[in-house]
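In: could you work out the structure for the sequence below:
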Amino acid sequence: MVPRKLERGRPDDTEDVIRHRQRVYERHTAPLLDHYADTPPAVQAVGPVDEIAERALKGLARPA
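Out: Numbering: from 1, shown residues only. Model prediction:
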């Protein structure tokens, strides 16, 4: 991943900075995936009410 990030050409992208960002993600952001794993999914609430309700019910019925 580091080589790909370095290819972006951002002036603040150095190997040390990229590795630091990865560590911050692993410590602070990744744990949230487990924390919110049992949260009902987001539902796209655009369209007719019947379609929105159907999407919401399908999302709530997902297997555990």
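In: for the rest of this, base every contact and every neighbour count on C-alpha atoms.
Out: Noted.
In: in which helix or strand would I find Pro11?
Out: When elements are assigned from DSSP states H and E, Pro11 belongs to no helix and no strand.
In: do you know how far it is from Ala30?
Out: Computed as CA to CA, to the nearest Å, the Pro11 to Ala30 distance reads 26 Å.
In: okay, the two: which has more neighbours?
Out: Neighbour totals were compared for Pro11 and Ala30, and Ala30 leads with 12 against 7 (other CA atoms under 10 Å).
In: can you list the buried residues in stretch 50-64?
Out: Of the residues in stretch 50-64, 55-56 count as buried by neighbour count, 16 or more other CA atoms under 10 Å.
In: contacts for that stretch?
Out: 40-46 (CA atoms under 8 Å, 6 or more residues apart in numbering).
In: return the distance of that stretch from the chain's centre.
Out: The chain centroid and the centroid of stretch 50-64 are separated by 20 Å, computed with CA atoms, centre = their mean, to the nearest Å.
In: could you do stretch 27-46 as well?
Out: For stretch 27-46, the gap between its own C-alpha mean and the chain's C-alpha mean amounts to 7 Å (CA atoms, centre = their mean).
In: what's the span of that stretch from first residue to last?
Out: Counting by CA to CA: the opening and closing residues of stretch 27-46 are 35 Å apart.
In: likewise for stretch 5-14?
Out: Stretch 5-14: ends 9 Å apart by CA to CA.
In: per-residue pLDDT, the residue sitting furthest away from the middle of the chain?
Out: Here the centre of the chain is the reference, and by CA atoms, centre = their mean the most remote residue is Asp50, at 27.7 Å. What the model reports as pLDDT for Asp50 is 96.
In: hey, C-alpha coordinates of the helix or strand where it lies in PDB?
Out: Asp50 belongs to helix 49-60 when elements are defined using DSSP H and E. Coordinates of the C-alpha atoms in helix 49-60 are reproduced here as PDB (Å, rounded to 0.1, in the frame of the first residue of the first chain):
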ATOM      1  CA  VAL A  49     -42.300   5.700   0.700                       C
ATOM      2  CA  ASP A  50     -43.200   2.100  -0.200                       C
ATOM      3  CA  GLU A  51     -39.800   1.500  -1.800                       C
ATOM      4  CA  ILE A  52     -38.000   3.000   1.200                       C
ATOM      5  CA  ALA A  53     -40.000   0.900   3.600                       C
ATOM      6  CA  GLU A  54     -39.200  -2.200   1.600                       C
ATOM      7  CA  ARG A  55     -35.500  -1.500   1.700                       C
ATOM      8  CA  ALA A  56     -35.600  -0.800   5.400                       C
ATOM      9  CA  LEU A  57     -37.400  -4.000   6.200                       C
ATOM     10  CA  LYS A  58     -34.900  -6.000   4.000                       C
ATOM     11  CA  GLY A  59     -32.000  -4.400   5.900                       C
ATOM     12  CA  LEU A  60     -33.500  -5.200   9.200                       C
END
